[in-house]
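Trainee: all I have is the shape, not the residue letters:
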C-alpha cells in the first residue's frame, strides 16, 4: 500500500528550513542513507532534533559537517568536535536538552499532551528562563512539546503498510519520533510482505508511517 | 531468580485498604487467579484502579461483587450493574476518569513525571474542580499521577527474571501499571527459562517485576 | 431500508481509503459492514489493536483478541497490537482520521452528549472524551429521535462529552453539519422531506435552497478515493 | 593498586545483587569488571538495554547493540530492549537502584557538577541530569583531585547537574558521605592518612573518631546480599 521510494526522492520531499526529528543514538539506529541524500541535495537551514551530534562522519554529524544545520536540539554533542566548533563560532545554534526530557517532549508532541512536568534540570542552567509549576507544594519544571515536520527514522523490518520493528539498541528514539512528526519517512533494513510481522512484534503501527525507503 | 508463588501467597502480601492497579479491559488480560484469591481471602476496603468494572462474575467485577472495593477509579462501569448499584447506594466511591487520561496518569506515576496536561474533558463535569494550566494562551487540564501500592497484572509469557510479553488486546493497561506500582505481581500464562524470550520481545523488563504467580 | 442501515451506509461513505478509524460500540461498529475490504481502512479498537476485523468463525475465537466491548474479533494481515498509552496517544495526538460515535444529544453548537444520564445511567466515558477531543473527524451516527423525542436540540441538557464541535451528524433522517453559523441541513434520507426533519428537530437548522437526498450506495475504491480526498 | 582500580573496586561493593544499575561512560563502565556474574546485577545502558554485558569477541559485534558511548557490547540471557522513553521512565521513576557517574566537582551540599565547563568543554548533559535526579542511589566515582587541584570543594564553581544531593563520593583517596550536617569522611584508601585526604580537599570534611580503611576485596554473593540489604 506504500510504494517504497529512494533516499533521493525522500530528500526532495524535505525543503530547506524544515524541522527534522532524526532517530539514532551516536548514529546507531539512524537513517544513514536518507541523511546522505540530504547532504548530497545540499539542504540547508535545517532544525534537527536528535539525541546527539553523532560523529563528524557518522549519523547526524554528517549534516552538521555539511553545514546543513541551523539549529540542533540534542542532549549530547561531545563526540563531534565540529558541533562544538560551529556552536562556539556562532554558526550553529545548539539547544541542549536532558535526554529523558528530550524523549518526553517528543512523546508529548506525538501523543497530544500539553507538555512535560519533570524534576530533571530544576535549579540548573538548563532550566534558566523556563517555567516552574507548583503542584501540592512541589516544584516541577515545565517543558513544552517538541513536534517535527518530518521524522527520519531507521527500523529493522517494515511491511508495506508501514508497520515497523526495531532491533536492540537501534530502537532508541525511533518509535517516539514516529509519533511526533507530520510526515514520517522510514529507512528499514528490509521490507517484508504484509502479514509477515506478527501483530505483537509491531512497535510502530504502519498507519502513521508515510514513506518507506527501498532497499539498496 | 524469582521464585514463583501461588495466588494465595500473593493475596497474603496484599493488606486490606491497599491501592491496587489491576490490568485488563473488560476482564481481557486481567490476573483472574489473583483476583479470585483476594476474594477468597476476604480482602476489603481496597482502592482499585482499572480500566473498567468488568462484569459481575469476571475481572474486577468479582472484587466489586464481593464488596472488597471501597473506591474504584475507572473509565467505564457500564457492563457491571452491581457497580452502578453500589455507587448509587453510596457503598462504593467511584471516580470516573477518561480512558486516555487514566493511562497517562498511571504512566506519569511510573515514569517520574509530575502529572498530565490534556485537552480531554476540559469544560465537562469530569473536569469540575480540577486545575487548568494556561500555556501560551491555550488551556490544558492538569491531572495528577496515579501511583499504586500493588500492580496486579496479567502477561502471556514470563521468564524467571520477570521479563514479560503480552498477547494481542490482553496487553492494554498491563505494561503501564507494571511501571506505576511499588510492588508488581504478575500472573503469566506460562513461565519460560531465562534466555528464551528474545530481548526485543520483552515489553516489561523483569527488574521491575517483584512476584510471579506459578502455573496451575 | 431500516433506520440503522441508512445511518451505517451513509457513515461508511465518509471513510477514506487507508485511513485510521475508530468505531464506537453498538451502531458505529456495524458501519464496517458497509466498508469494502479494498478500501484498506484500518479499524482501531481503543483497547489495543489496529487492523481489527469481524468476529471469527465459531471455535476460532481467541480470548486475548477482543474489541472495546469485550466481544471476539479477528485481526487482518498487517494488524498491530498496542498498549493503552499508545492507543490513546494515537487518539489524542490527532493520528486517528475519524471516529464514529453514537449520541444521546447534539446541540446547535455541534456539541455532543453521549456518556451519562445523571442519576439514571452512569456507564462512564470510557474512551469517548478522548476520541471526541482528539480524532481529526468526529462523526456522530444516531437515530434522529429517541422514542419520538428529538435528540438534536438547541442546547444539550445532558453533560457534554467534549467542548469540541463534532464534524458531522448522520441520522436516519438527515445529514447535518455543525458550522460557525450553526447547524446546516446538508442531506435528507430517501423519501424524507425537509419538513419532516424540521418537525423532528428542536435545534434551529439552517436549510439551504437545495437539500439533496442521501446517497447510500457503497462506493468503489476509486470513487471513495476521489470523494474523500475532496472532503479532506 | 592503581587509582582507577581502587575506585572501581570500592564502587562495586556498593552494588546490590539483582538490582538495576546504570554505569556512566568511562571510569564507571569499568566497575562491572569487579561485579561477579553471580550477583545478577542488571546493567542498564540508557540508550536502550537492560542486561548489558562486555564487548563481544572480535567479529561478533552487532552494529545494533552498543552502549551509550556507541561502543559494542553484548547482551546477557534475559536481557531486554527498551526505547528511550521507557529507559528514562525507569530512571526518573525511581526504578534504577543505583547510578555510577564521574564528577568534575562535588561540594559541601553533596551537589555534583559533571556535564559542562563553560566556554571550554560543552559536551551536553546526555542522561546525567535525569540519572542524578531520579536514580535511587547516586554514586560518584572519581579521582580525588584533577592535576593536583581538589575536586571536592566548598561550593561547585561549575554548573550543577542536579540540585539533588548525591549518595556517596568514592575516590582513590576516600569514601565521603554527604549528609544533612555536611560531608562525612567514612573511609580512607589503603595506606592513605586522614591528613592526606584533608590536604587534598578544600571542602570542609566532618571526620569521625575512627576512619577505617576501605575494603577492596570482591564480596561473595552471600556477603554482598547481607551488606547491601543493611545499607538499603
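Mentor: Here it is on my side, so go on. No experiment lies behind these values; they were computed from the predicted model shown. Numbers count the residues shown, from 1 in each chain, chains lettered A, B, ... in the order given.

Trainee: where does the chain dip in pLDDT?
Mentor: You didn't pick a chain, so chain A it is. Filtered on pLDDT under 70, chain A yields no residues whatsoever.

Trainee: nope, chain C please
Mentor: In chain C, residues with pLDDT under 70: C:230-232.

Trainee: kindly report the residues of it close to chain A.
Mentor: Contact residues (Cβ under 8 Å from any Cβ of the partner chain) of chain C with chain A: C:18-20, C:40, C:42, C:49-51, C:75, C:77-82, C:85-86, C:88-95, C:134. No exception for glycine: its C-beta is placed from N, CA and C like everyone else's.

Trainee: now the buried members of those residues.
Mentor: Among the residues of chain C next to chain A, the ones that count as buried by 16 or more other Cβ atoms under 10 Å in any protein chain shown are C:18-20, C:40, C:42, C:49-51, C:75, C:78-82, C:85-86, C:88-93, C:95, C:134.

Trainee: which ones among those lie within strands?
Mentor: C:20, C:42, C:49-51, C:75, C:78-81 (DSSP state E).

Trainee: list the contacts of the residue in chain C positioned nearest to chain D.
Mentor: Residue of chain C nearest chain D, by Cβ to the nearest Cβ: residue C:85 (9.7 Å). Applying Cβ atoms under 8 Å, 6 or more residues apart in numbering or on different chains to residue C:85 gives the contacts A:111, B:103-104, B:107, B:176.

Trainee: can you get me a residue count around the nearest residue to it once chain neighbours are set aside?
Mentor: Nearest residue to residue C:85, sequence neighbours excluded (Cβ to Cβ, 6 or more residues apart in numbering or on different chains): residue B:103, at 4.6 Å. By other Cβ atoms under 10 Å in any protein chain shown, 30 other residues sit near residue B:103.

Trainee: does residue C:103 touch residue C:112 like I think?
Mentor: Yes. Between residue C:103 and residue C:112 there is a contact under Cβ atoms under 8 Å: 5.4 Å.

Trainee: neighbour count: those two, which is higher?
Mentor: residue C:112 (29 against 24).

Trainee: phi and psi next, for that one.
Mentor: phi -110, psi 140 (degrees, to the nearest 10).

Trainee: and it, how far from chain B?
Mentor: Here residue C:112 is placed at a distance of 11 Å from chain B (Cβ to the nearest Cβ, to the nearest Å).

Trainee: same check on residue A:21?
Mentor: In this view, residue A:21 and chain B are 20 Å apart by Cβ to the nearest Cβ.

Trainee: please apply the same query to residue C:74.
Mentor: For residue C:74, the distance to chain B - Cβ to the nearest Cβ - is 10 Å.

Trainee: next, count neighbours for that residue.
Mentor: Neighbours of residue C:74 under the rule other Cβ under 10 Å: 17.

Trainee: residues contacting it?
Mentor: By Cβ under 8 Å, 6+ apart, residue C:74 lies in contact with C:52-56, C:60, C:65.

Trainee: from those residues, which is closest to chain A?
Mentor: The nearest member of the contacts of residue C:74 to chain A, counting by Cβ to the nearest Cβ, is residue C:65 at 8.9 Å.

Trainee: and residue C:181, how many residues sit next to it?
Mentor: Residue C:181: 7 neighbours (other Cβ under 10 Å).

Trainee: if you could redo that for residue C:129, that was the one I meant.
Mentor: 31.

Trainee: what of residue A:64?
Mentor: 27.

Trainee: past the longest helix seen in chain A, which element shows up next along the chain?
Mentor: Criterion DSSP state H: the longest helix present in chain A is helix A:99-110. Using DSSP states H and E, the next helix or strand after helix A:99-110 towards the C-terminus is strand A:116-118.

Trainee: from chain A, how far off is the nearest residue in space to residue C:117 that is not next to it in sequence?
Mentor: In space, and not counting its chain neighbours, residue C:117 is closest to residue C:158: 6.2 Å by Cβ to Cβ, 6+ apart. In this view, residue C:158 and chain A are 25 Å apart by Cβ to the nearest Cβ.

Trainee: assess the claim that residue C:158 and residue C:104 are in contact.
Mentor: Yes. Taking contacts as Cβ under 8 Å, residue C:158 lies within contact range of residue C:104: 5.5 Å.

Trainee: what ranges does the chain have for its helices?
Mentor: Here I'm looking at chain A. Secondary structure of chain A (DSSP H): helices at A:7-13, A:32-40, A:61-65, A:81-88, A:99-110, A:174-180.

Trainee: wrong chain, I was asking about chain C
Mentor: Going by DSSP H, chain C shows helices at C:3-12, C:84-92, C:128-134, C:194-199, C:221-231.

Trainee: who wins for proximity to residue C:166 among those?
Mentor: The minimum distance between residue C:166 and the helices of chain C falls on helix C:128-134, with 6.9 Å, by Cβ to Cβ.

Trainee: hang on, the earlier thing: determine which two of the contacts of residue C:85 are furthest apart.
Mentor: Pairwise across the contacts of residue C:85, and taking Cβ to Cβ, the largest span is found between A:111 and B:176, at 12.7 Å.

Trainee: pull the contacting residues for residue A:43.
Mentor: Contacts were defined as Cβ under 8 Å, 6+ apart; by that measure residue A:43 touches A:11, A:14-16, A:18, A:68.

Trainee: pick out the most distant pair among those residues.
Mentor: Maximum pairwise distance among these (Cβ to Cβ): 12.3 Å, between A:15 and A:68.

Trainee: comparing the two, which residue is more hemmed in?
Mentor: Neighbour totals were compared for residue A:15 and residue A:68, and residue A:68 leads with 21 against 11 (other Cβ under 10 Å).

Trainee: quick check on that one: phi, psi?
Mentor: According to degrees, to the nearest 10, residue A:68 has phi -90, psi -10.

Trainee: tell me if I'm right that it and residue A:40 touch.
Mentor: No. Using Cβ under 8 Å, residue A:68 makes no contact with residue A:40, being 10.6 Å away.

Trainee: what are the buried residues along stretch A:54-68?
Mentor: Across stretch A:54-68, burial judged by 16+ other Cβ under 10 Å covers A:54-56, A:58-66, A:68.

Trainee: got a list of contacts for that stretch?
Mentor: Contact with stretch A:54-68 is made by A:22, A:24, A:26-28, A:30, A:32, A:35-36, A:38-39, A:42-46, A:48, A:50, A:52-53, A:69, A:72, A:74, A:79-83, A:86, A:91-92, D:70, as judged by Cβ under 8 Å, 6+ apart.

Trainee: follow-up on the earlier one: any chance of the helices of chain A in CSV, with distance to residue B:202 too?
Mentor: Below are the helices of chain A laid out as CSV (distance: least, Cβ to Cβ, whole Å):
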stretch, distance to residue B:202
helix A:7-13, 32
helix A:32-40, 27
helix A:61-65, 31
helix A:81-88, 34
helix A:99-110, 19
helix A:174-180, 15
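
Trainee: quick one: the residue sitting furthest away from the middle of chain A and residue D:165, what's the gap?
Mentor: Going by Cα atoms, centre = their mean, the residue of chain A most distant from its centre is residue A:137, 35.0 Å out. Here the distance between residue A:137 and residue D:165 works out to 19 Å (Cβ to Cβ, to the nearest Å).

Trainee: again, but for residue C:122
Mentor: 48 Å.

Trainee: follow-up on the earlier one: sort out for me which of the contacts of residue C:74 are in strands.
Mentor: C:52-53.

Trainee: which residue comes closest to residue C:192 once chain neighbours are left out?
Mentor: Closest residue in space to residue C:192, ignoring its immediate chain neighbours: residue C:173 at 5.2 Å, by Cβ to Cβ, 6+ apart.

Trainee: tell me who's in contact with that neighbour.
Mentor: Applying Cβ under 8 Å, 6+ apart to residue C:173 gives the contacts C:144, C:188-189, C:192, C:196-197, C:200.

Trainee: measure it to chain A for me?
Mentor: 33 Å.
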